[in-house]
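Peer 1: With the input below, show me the fold.
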Amino acid sequence: MATINVLILMHGMTPDPNPLDHASDYAALWQALTLRQPALTESVDARLGIEWGHEVPGMRADMLRPDQRITRAENVLWERVGFERVRNDRNPDNHLLGRGAELGSRLTTRRLTDPIKETVLLLGVTDAFYYCAPDGERAIRGAVYTQFLDGLEPYRGAENVRLHVIAQSLGVTVAFDFLFGLFAPDEVIGGEPDFIGEGQGGAEAIERYRFWRGRARDGGLVLASKSSTGGLLPLLMMRKQSLVERFSIGQFVDPAVIGVPGRGDVRWKIFYDADDILGFPTRRLFDAEGTIQEYQVNTDWRPDLAHSRYWTNDRVLDEIAKLIADNLS
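Peer 2: This next block holds a predicted model:
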């Protein structure tokens, strides 16, 4: 086990009232990548498909992790505040406009805004709000980081472990945070990563995180490639006062804090659709030249669909497959 290449696949928000796991999405993505770069089949030693934020079908309610309760909670919100359900509520405390008074907006504006408000926002952005809260952050990191670390555990004895991360939507931020805790220097973190210092994981996961942080320091763990689609990272960077201070005076972020060199060959590719209201260009936040490449793509003209169609876009697939193939060793 001299050099090991590990591919990590990370979904984002799940704006679906009845989500299943993402195994079929991950399998389809992998098949599309290997069709473009057949060498990946033999060169990638392990693939980790991360699941979070929704329950596994058939699980009892009392067995759910905290993060797995998100979908049920969102569905209750959707049932209680979605406008068509409110319109059908005959409670005397419910006061509505007459249908004639809102005819214009129903025929025009709401054809576009309803799918955004009641799917993208109510069933999707609520995931991001949850992650921004301390207890939500703890729950999601506990679930996600543990899966990352379980997948890496068989390769403790490898001389060189190379990570290839593909993340979508809110998963871009969660994966960024995971990598930050592994690769950022002590002086940047200001102590231990939150996952360790705040006990966001179990004792075993925390020990493993410490181990891989040590491997990142001695060069035994490398971020070989990172691909981000439809990411909200510019919005969620405002969670940290240190970044607020940095941006307030016009400074950049050093990409080395997540293992991406500031200069050299491309290591991180970022994809966004300008019609995707949740997908943002991100490259210009970092002090990098050549190592971060950014691509505007056209996934769909509808804002509610544009966010979910990156992994079937030919340009995205071509570029990700090439990035991984170019960074296998």
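Peer 1: Looking at the protein, which helix is longest?
Peer 2: The residue-count maximum for a helix in the chain (DSSP state H) belongs to helix 134-152.
Peer 1: For that one, what is the distance to the chain centroid?
Peer 2: Relative to the centre of its chain, helix 134-152 is centred 12 Å away, using Cα atoms, centre = their mean, to the nearest Å.
Peer 1: what about the stretch 151-300 of the chain, any weak spots by pLDDT?
Peer 2: Counting by pLDDT under 70, the stretch 151-300 of the chain shows no low-confidence range.
Peer 1: can you give me the helices in it?
Peer 2: For the stretch 151-300 of the chain, the helices defined by DSSP state H, counting those that start in this stretch cover 170-183, 186-189, 194-197, 203-217, 233-236, 241-248.
Peer 1: how near is the spatially closest residue to A306 that is not a sequence neighbour to E204?
Peer 2: The spatial neighbour of A306 that comes closest, neighbours along the chain excluded (Cβ to Cβ, 6 or more residues apart in numbering), is D276 at 3.9 Å. The way it works is simple: take the backbone N, C-alpha and C, and place the C-beta from them, glycine included. Counting by Cβ to Cβ, to the nearest Å, the gap from D276 to E204 is 38 Å.
Peer 1: neighbour-wise, which of these two wins?
Peer 2: Neighbours per residue (other Cβ atoms under 10 Å) separate D276 from E204, with D276 holding more: 26 against 12.
Peer 1: still on that earlier bit, residues touching the residue nearest to A306, list them.
Peer 2: D276 makes contact with 230, 299, 303, 306-307, according to Cβ atoms under 8 Å, 6 or more residues apart in numbering.
Peer 1: Look up how far H307 lies from G290.
Peer 2: Distance, G290 to H307, by Cβ to Cβ: 28 Å.
Peer 1: Looking at those two, which one has more neighbours?
Peer 2: Neighbours per residue, other Cβ under 10 Å: of G290 and H307, the larger number sits with H307, 29 against 12.
Peer 1: correct me, but that one touches G279?
Peer 2: Yes: using Cβ atoms under 8 Å as the test, H307 is close enough to G279 to be in contact (6.1 Å).
Peer 1: what is in contact with the two at once?
Peer 2: Contact criterion Cβ under 8 Å, 6+ apart; residues bridging H307 and G279 by contacting each: 169, 230, 273.
Peer 1: Now for the closest residue in space to D300 that isn't next to it in sequence, how many residues are close by?
Peer 2: With sequence-adjacent residues excluded and distances taken as Cβ to Cβ, 6+ apart, D300 is closest to A306, at 4.4 Å. Residues within reach of A306, counting by other Cβ under 10 Å, total 24.
Peer 1: tell me the pLDDT at A306?
Peer 2: The per-residue pLDDT reported for A306 equals 89.
Peer 1: go on, D21?
Peer 2: Reading off the confidence values, D21 has pLDDT 78.
Peer 1: partners of Q168 in the sheet?
Peer 2: Counting by DSSP bridges, Q168 forms beta bridges with T229.
Peer 1: And the residue nearest the centre of this structure?
Peer 2: Of all residues in the chain, the one closest to the mean position by Cα atoms, centre = their mean is G171, 0.8 Å from it.
Peer 1: I figured that one hits T14, correct?
Peer 2: No: G171 lies out of contact with T14 (Cβ under 8 Å); the separation is 10.2 Å.
Peer 1: so A256 touches F183, yeah?
Peer 2: Yes: using Cβ under 8 Å, A256 is in contact with F183, at 7.1 Å.
Peer 1: The two - which one has more neighbours?
Peer 2: Each of A256 and F183 has its neighbours counted (other Cβ under 10 Å); F183 has more, 22 against 18.
Peer 1: isn't that one right next to P255, touching?
Peer 2: No: contact criterion Cβ under 8 Å: F183 and P255 do not qualify, at 9.7 Å.
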